[in-house]
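A.B. asks: mind folding the following:
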Amino acid sequence: MKIKKKIRTFIIIAIIMVISYRLIVFRNIEETKLESGKDVTFFVASDTHYLAESLTDNGEAFQQFINSGDGKQLDYIHEIMNAFENDIKKKKPEVLIISGDLTSNGEKESHLELAKRLSKIEKKGTSVFVIPGNHDISNPFARSFKGDKQYMASYINASEFSNIYADFGYKEAISRDKTTLSYLAAPSEDVWLLMLDTAQYENNIVFGLPQMDGRIADETKDWIKQCSDLAKSKGAELIAVMHHNLLNHSEVIREGYTINNSEDIVQLFQQSDINLALSGHIHLQDIKSQKNDKYSIHDVVTGCISIYPQKYGVLKYSKKNGVDYNTSTVDVEGWAKENGIADKNLVNFKEFSKKIYGDKIYSRIVSRLAITDAYTSDELKLMGETYRLINLRYFEGLKEIGTEEIKNSPGFKLWVSSEENFSQRNLLKLVNSNGEDNNILHINKNEILK
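C.D. replies: From the prediction side, this is the model:
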């Protein structure tokens, strides 16, 4: 009899737990949603690479760190973020999404300081949802800078990430994946966010570096199916958000950027009626679509907000009209003017930022070409300037990369006959990729709305 009572007690407890879980799920849906039929504006940012002010004195070591990097303007990251917050304040989107690489190298202080900024954004009426990127968790490269030296800084683990960003997705999640930091959020009755943690950080400390590539494990795939079923039962559409790219966005750069099991995930998204994914990671403004007779999927990569041209996405969802995505540039100049800031770099930030990034592109390729000893100094300048122009247009996501003026330039003609095979192939592919504006996407209601 005692055994039967224990079994009954166990069954009752299990039933109560299931009911409680469902009540929590539905309560979260009720608490976080905008009513059906209401258009929703999402701001989409990626790769903020935020560094806390307390971690640098802007000295020699920090400047060396910036100069040896890939163009991230961390010496102005606080001003860029101030201006971005000002854009949000003025334009009042309902939702802000940040798709990973929130911090420079996962420093605990950077996470805590960024979370304070996000709290201010939410207090002004914009809901914030974040996921981690490959830089954010258990990163042994976390550093602070003082004088001419770098110092190891504290980093965070996965549990700390979800605690620090509890108010920005995790606390109000409808559902949490058991094995990763993925979660499901419902900012609206009509459209839900499938926030996918694609980063792999479990072995970072053992390896001594952050793992760059990403994947979605089988256990998370099962959870995605459950999220899809729940969304369908409530008549909601899913938009997937992930740090790593779903589709290939470059013929040259793929490994470590496109998610490892891309084909499987595309098939899973098709089964789950997911037509739109938002990603980052590659620091490029680009849109790729994969279509067949029965299904289409669009992967929108929003460029790195800490690198020229400091773009973010503006995604408008309408149950009546579908989805419209376009880009905007952080108005650093406007923010500087409003606040009476006289720093000439901030007052003319677009040109300043463009020059900084362009000079980095130029110096790297000229250094590479100079090793071959095949060109005169004048030829190196011509080739470097052409390479700079083409790559700037590429990273801006412009429709026409290789203009007639560029194709007819002496520098481009030198590239056509160049024996520097990798860079030449890359450049020619960019020039011949004209035709798509990677700053605009429309998905009609018949495609995304079932």
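A.B. asks: need the contact list for L441.
C.D. replies: The neighbourhood of L441, defined by C-beta atoms under 8 Å, 6 or more residues apart in numbering, consists of I287, H298, V300, V323, D324, Y325, N326. Just so you know, the C-beta spots here come from the backbone N, C-alpha and C atoms, and that holds for glycine as well.
A.B. asks: element containing the second one, please.
C.D. replies: Counting by DSSP states H and E, the secondary-structure element that holds H298 is strand 296-301.
A.B. asks: partners of that strand, with directions?
C.D. replies: Neighbouring strands of strand 296-301 in its sheet, by DSSP bridges, are strand 276-279 (parallel), strand 286-291 (antiparallel).
A.B. asks: now those strands as CSV including mean neighbour count?
C.D. replies: As requested, the strands paired with strand 296-301 are arranged in CSV below (neighbours: other C-beta atoms under 10 Å):
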stretch, mean neighbour count
strand 276-279, 27
strand 286-291, 17
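A.B. asks: make a markdown table out of the ones you listed and add mean pLDDT and distance to K221.
C.D. replies: Rendered in a markdown table, the data for the strands paired with strand 296-301 read as follows (pLDDT from 0 to 100; distance: least, C-beta to C-beta, whole Å):
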| stretch | mean pLDDT | distance to K221 |
| --- | --- | --- |
| strand 276-279 | 98 | 15 |
| strand 286-291 | 92 | 19 |
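A.B. asks: format those strands as a markdown table; extra columns: distance to D148.
C.D. replies: Conversion of the strands paired with strand 296-301 to a markdown table gives the following (distance: least, C-beta to C-beta, whole Å):
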| stretch | distance to D148 |
| --- | --- |
| strand 276-279 | 37 |
| strand 286-291 | 38 |
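A.B. asks: tell me the buried residues in stretch 89-96?
C.D. replies: Buried residues in stretch 89-96, counted by 16 or more other C-beta atoms under 10 Å: P93, E94, V95, L96.
A.B. asks: that should have said stretch 362-373, apologies.
C.D. replies: Neighbour counts using 16+ other C-beta under 10 Å place Y362, R364, I365, V366, L369 of stretch 362-373 among the buried residues.
A.B. asks: please tell me I have it right and Y375 contacts I365.
C.D. replies: No - between Y375 and I365 no contact is recorded; they are 11.4 Å apart, counting by C-beta atoms under 8 Å.
A.B. asks: so what sits against both of those two?
C.D. replies: Overlap between the contact sets of Y375 and I365, as judged by C-beta under 8 Å, 6+ apart, is given by M383.
A.B. asks: of the buried residues of stretch 89-96, closest to E400?
C.D. replies: Nearest to E400 among the buried residues of stretch 89-96: P93, at 29.7 Å, using C-beta to C-beta.
A.B. asks: which pLDDT value does the model give the closest one?
C.D. replies: Reported pLDDT at P93 in the predicted model: 98.
A.B. asks: and for T9?
C.D. replies: Reading off the per-residue confidence, T9 sits at a pLDDT of 48.
A.B. asks: wait, which of the contacts of L441 is closest to A166?
C.D. replies: Taking C-beta to C-beta as the measure, A166 lies nearest V300 of those, at 27.1 Å.
A.B. asks: before we move on, the earlier item: of the contacts of L441, which pair is most distant in space?
C.D. replies: Based on C-beta to C-beta, the longest span within the contacts of L441 runs between H298 and N326 and measures 13.6 Å.
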